[in-house]
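>>> Generate coordinates for the sequence data below:
(one chain, ligands or ions: 1)
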Amino acid sequence: MAENTVPTMGELLGEDAPKNWGKWGPDDELGCLNYLDAGEVLRGIRHVRSGEVFTLQIHMGRTESPGDPIWPGRKGMSRKNELDESTWDGEDAPAFPGGLHYADDTAQIFLQGSTQYDALGHVWYDGQLWNGYDARTTIGAMEKASVLPIAEKGVVGRGVLIDMARHRGKPWLEKGETFDHTDLEAAAKNQGVDIEPHDILVIRTGWMKYWYELDDPQSFYDGFVEPGLTYSRELVEWFQQREIPNLVTDTIANEVTADPNSGVALPLHCALMRNLGVTLTEIAWLDDLAEACAADNRWSFLYAAAPLKVVHGTGAPVNPIAIR
Ligand code: UVW
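Prediction:
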């Protein structure tokens, strides 16, 4: 589609786009995470059977190829060793009673540069964020709907894994390959699991596995387009009706990069996060969890995650845990 025919986000989603603004009051910064109450924690716990633990963060700050998978324009973490054993080689080395030596690192990171939670205010259109907050509250520091309220609350509930790559009989989905809620339902049926109201929806595309098997990371970025969920009004209503609190995927941006019908970039970020208050978790490592789920055909588990408490953060790294 020619660039000048691409509609605006507002035109694509419509003036009557499904919204949850005001549902949890005018000051809400948690959106659909409000669904995750104590009852949902206990529901999640009921899905623990074997005690197996899976950590879902990718490695952060890899120096060997292909490095860390990141959204174009961002940089992977740069970690610098500030103190190590050589610090104590010189005559003016620090001296601690008893002879203590230690190592220290500093790091420069994009908060969205590894497995992370997006703040609800991370994306917007037409000058308004989640719950109608003014987009100018993002200037200099995210004053409203930052990652901090999510980090303070923690995200705990029943997780359900839908393995789209396995459903389609592939190690990973292709660049730009799309799926929608009907495909999720079909994959769930195939797996013998239901996507229940308030489930933390975890979707595997195999895209992280693809990344780590690349000889040349440049091919990942050439004509950059990830596979993923694709926008439709029906899909947005499906999320709203099922009251999904959190969408977790193994891609950098949780949806196909540009909507194939309209050409609009990341419309689901706006339709789900900005309008409904669905929290997004990206760049998750799901392959080990998926192997275990497939081995005994149990696709639900206790999911627990808390991003770092970054004050005014647009997002924050996280190492979510799935317990089966
Ligand atoms: C963008 O929104 C650009 O990135 P992400 O949500 O994937 O961090």
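>>> make it CA atoms for all contacts and neighbour counts henceforth
Fine.
>>> Going along the chain, name the strands of the stretch 101-250 of the chain.
Secondary structure of the stretch 101-250 of the chain (DSSP state E, counting those that start in this stretch): strands located at 104-108, 116-118, 155-163, 178-179, 200-204, 228-229, 246-249.
>>> For Asp134, find the nearest of the ones you listed.
strand 116-118 (17.8 Å; CA to CA).
>>> Parallel or antiparallel, which strands does that closest one pair with?
strand 279-282 (antiparallel), strand 315-317 (antiparallel) (DSSP bridges).
>>> Can you redo the strands of the stretch 101-250 of the chain as CSV, where the extra columns are mean pLDDT and distance to Ala265?
Shown next, in CSV, are these (pLDDT from 0 to 100; distance: least, CA to CA, whole Å):
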stretch, mean pLDDT, distance to Ala265
strand 104-108, 97, 27
strand 116-118, 98, 17
strand 155-163, 98, 24
strand 178-179, 98, 14
strand 200-204, 99, 20
strand 228-229, 98, 12
strand 246-249, 98, 18
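>>> Let me know which of the ones you listed is tucked in deepest.
strand 116-118 (a mean of 28; mean count of other CA atoms under 10 Å).
>>> Enumerate the residues of the stretch 1-150 of the chain near the ligand.
For the stretch 1-150 of the chain, the residues found near the ligand under the criterion CA under 6 Å from any ligand atom are Gln112.
>>> Could you do the stretch 151-300 of the chain as well?
Ile252, Ala253.
>>> okay, now Asp216: neighbour count?
The tally of other residues near Asp216 (other CA atoms under 10 Å) stands at 12.
>>> wait, it sits on Pro66?
Yes: using CA atoms under 8 Å, Asp216 makes contact with Pro66 at a distance of 7.0 Å.
>>> For the protein, which residue gets nearest to the ligand?
Ala253 (3.5 Å; CA to the nearest ligand atom).
>>> okay, Asn4: pLDDT?
On pLDDT, Asn4 comes in at 64.
>>> repeat for Glu152
With respect to pLDDT, Glu152 scores 98.
>>> What separation do you get for it and Pro267?
28 Å (CA to CA, to the nearest Å).
>>> secondary structure element for Gly313?
For Gly313, there is no enclosing helix or strand under DSSP states H and E.
>>> burial count for it?
22.
>>> How about the contacts made by it?
Neighbouring residues of Gly313 by CA atoms under 8 Å, 6 or more residues apart in numbering: Leu111, Ala119, Ala141, Met142, Ser146, Val147, Leu148.
>>> ok, now with 10 Å
111-112, 118-119, 121-122, 141-148 (CA atoms under 10 Å, 6 or more residues apart in numbering).
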